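Participant: compute the structure for the input listed below.
(one chain, ligands or ions: 1)
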Amino acid sequence: MLIYLNGKLVKKEDAKVSVFDHGLLYGDGVFEGIRSYDRLVFKLHEHMDRLYASAQGISLTIPMEKKEMEKAIMDTLKANALRDAYIRAVVTRGDGDLGLDPRNCRRATVFIIADKIALYPTDLYRKGLKIVTVPTRRNIPESLNPQIKSLNYLNNILGKIEAINAGVPEAIMLDQSGFVTECTGDNIFMIKDDLLLTPPVSVGVLNGITRQAVLALGEKAGFRAQERMLTRFDLFTSDEVFLTGTAAEIIPVVMIDGRSIGTGRVGTRTLALTEDFRKLTKKDGVRYAL
Ligand code: PXG
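Facilitator: Got it, this is the predicted structure:
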């Protein structure tokens, strides 16, 4: 496996960063998770826009243009001969001295991993997930805005631990007022009659690339696709619930906090949207040759 690290493709064993890298010392950095499907990088430009926006959100200068970053991603995919891949692009504040001051870091560290990912066991895509609401609240936008895809995922990891302790693979996180935000690595959607709903970005969620694609697909499929503040009550009384994310793609939810959602089985309209999403990934992307 070859890893892109600061301008070079190096062997996995040689892909190392310093223990003085502020990405490691302080979680000071940003990242993107991107997928390629049969040599098409899905929504590459959207991911680049979000990566650079995340960096700007923490006053981090990425030492290369978006176009160069895109090329580095393509080069990494080609070097590893991957038709289908999960791409992790990471930019940290870089190697520095001890102490929070980001000015201690001379230059950002950039690395790109192209590999595979399986977020949930495959049978759960057929059976649907059972999930719970967890006590840990999602970060409020006024502290660390969840729109920044930062290297500090402890808020999400705390939620994940609580889900695992409850015997389920995923957690619904609420905001400070009790409104639904998102899961630990996925956005959440519900279907009720002709409405396709997901919480607004302002409540404190990552504006997922999959989320945006699904809102557009839903609109096309005849739903009234809207961003709305949602409570657990809204989810409990919905017809269908599902999660979206680059790693997870679209995964149905059949139970929340021990309550069956809709029929208690995977929803037909979730499956139809999943099919639409599959088709989109086969045509919407930036191509590379192997
Ligand atoms: N919310 C959060 C908090 C996320 O981290 C999403 C929503 C979905 O966004 P996209 O743009 O992917 O539709 C994410 C996605 C990883 C990894 O290990 C990254 C994510 C999720 C799971 C794993 O790289 N981020």
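
Participant: now the element after the one helix or strand His47 maps to, going C-ward?
Facilitator: Using DSSP states H and E, His47 maps to helix 44-57. Using DSSP H and E, the helix or strand that follows helix 44-57 towards the C-terminus is helix 66-79.

Participant: now what about that following helix, what contacts it?
Facilitator: For helix 66-79, the surrounding residues in contact (CB atoms under 8 Å, 6 or more residues apart in numbering) are 2-4, 9, 34, 36, 41, 44-45, 48-49, 51-52, 62, 64, 85, 87, 89, 110, 112-114, 286, 288-290. C-beta: built from backbone N, CA, C; applies to glycine.

Participant: flag the helix or strand of this protein with the lowest per-element mean pLDDT.
Facilitator: Taking mean pLDDT, DSSP states H and E as the measure, helix 123-127 is the helix or strand of the chain with the lowest mean score, a mean of 93.

Participant: name the next helix or strand downstream of that helix, please.
Facilitator: strand 129-133.

Participant: which other helices and strands does that following strand contact?
Facilitator: helix 154-165, strand 171-174, strand 249-256 (3 or more CB pairs under 8 Å, 6 or more residues apart in numbering; DSSP states H and E).

Participant: stretch 197-204 vs the ligand: in contact?
Facilitator: No - contact between stretch 197-204 and the ligand is absent, the nearest approach being 10.1 Å (criterion: CB under 6 Å from any ligand atom).

Participant: quick one: mean pLDDT over that stretch.
Facilitator: In this model, stretch 197-204 has a mean pLDDT of 98.

Participant: just how off-centre is that stretch within its chain?
Facilitator: 15 Å (CA atoms, centre = their mean, to the nearest Å).

Participant: and for stretch 209-222?
Facilitator: On the basis of CA atoms, centre = their mean, stretch 209-222 sits 16 Å off its chain's mean C-alpha point.

Participant: now do that stretch: everything it contacts.
Facilitator: Counting by CB under 8 Å, 6+ apart, the neighbours of stretch 209-222 from elsewhere in the structure are 42-43, 46-47, 50, 187, 189, 194, 196, 198, 225, 227, 244-246, 248-250, 272-273, 276-277, 280.

Participant: again with stretch 135-149
Facilitator: The set of residues that contact stretch 135-149 without belonging to it, under CB under 8 Å, 6+ apart, is 30-32, 50-51, 53-54, 57-58, 150, 152, 155, 158-159, 162, 171, 173-176, 181-182, 201-202, 204-207.

Participant: ok so, going back, so how do I select the buried members of the contacts of stretch 209-222 in ChimeraX?
Facilitator: This is the ChimeraX syntax for the buried subset of those, where burial follows 16 or more other CB atoms under 10 Å:
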select :42,43,47,50,187,189,196,198,225,227,244,245,246,248,249,250,273,276,277,280
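
Participant: what does the stretch 1-150 of the chain have sitting close to the ligand?
Facilitator: Residues of the stretch 1-150 of the chain lying close to the ligand (CB under 6 Å from any ligand atom) are Gly33, Arg88, Leu119.

Participant: filter the residues you listed down to the ones in strands?
Facilitator: If you go by DSSP state E, these have Gly33, Arg88 in strands.

Participant: picking that back up, just the buried subset of the contacts of helix 66-79, please.
Facilitator: Among these, those that count as buried by neighbour count (16+ other CB under 10 Å) are 2-4, 9, 34, 36, 41, 44, 48, 51-52, 62, 64, 85, 87, 89, 110, 112-114, 288.

Participant: can you tell me the element Leu197 falls in?
Facilitator: Taking DSSP H and E as the criterion, the element that holds Leu197 is strand 195-198.

Participant: okay, now the sheet partners of that strand, with direction.
Facilitator: Taking DSSP bridges as the criterion, strand 195-198 forms sheet pairs with strand 187-192 (antiparallel), strand 224-227 (parallel).

Participant: okay if I get these as CSV plus mean pLDDT?
Facilitator: Formatted as CSV, the entries for those read as follows, by pLDDT from 0 to 100:
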stretch, mean pLDDT
strand 187-192, 98
strand 224-227, 98
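
Participant: which one of those strands lies closest to the ligand?
Facilitator: Closest approach to the ligand among these is made by strand 187-192 (4.8 Å; CB to the nearest ligand atom).
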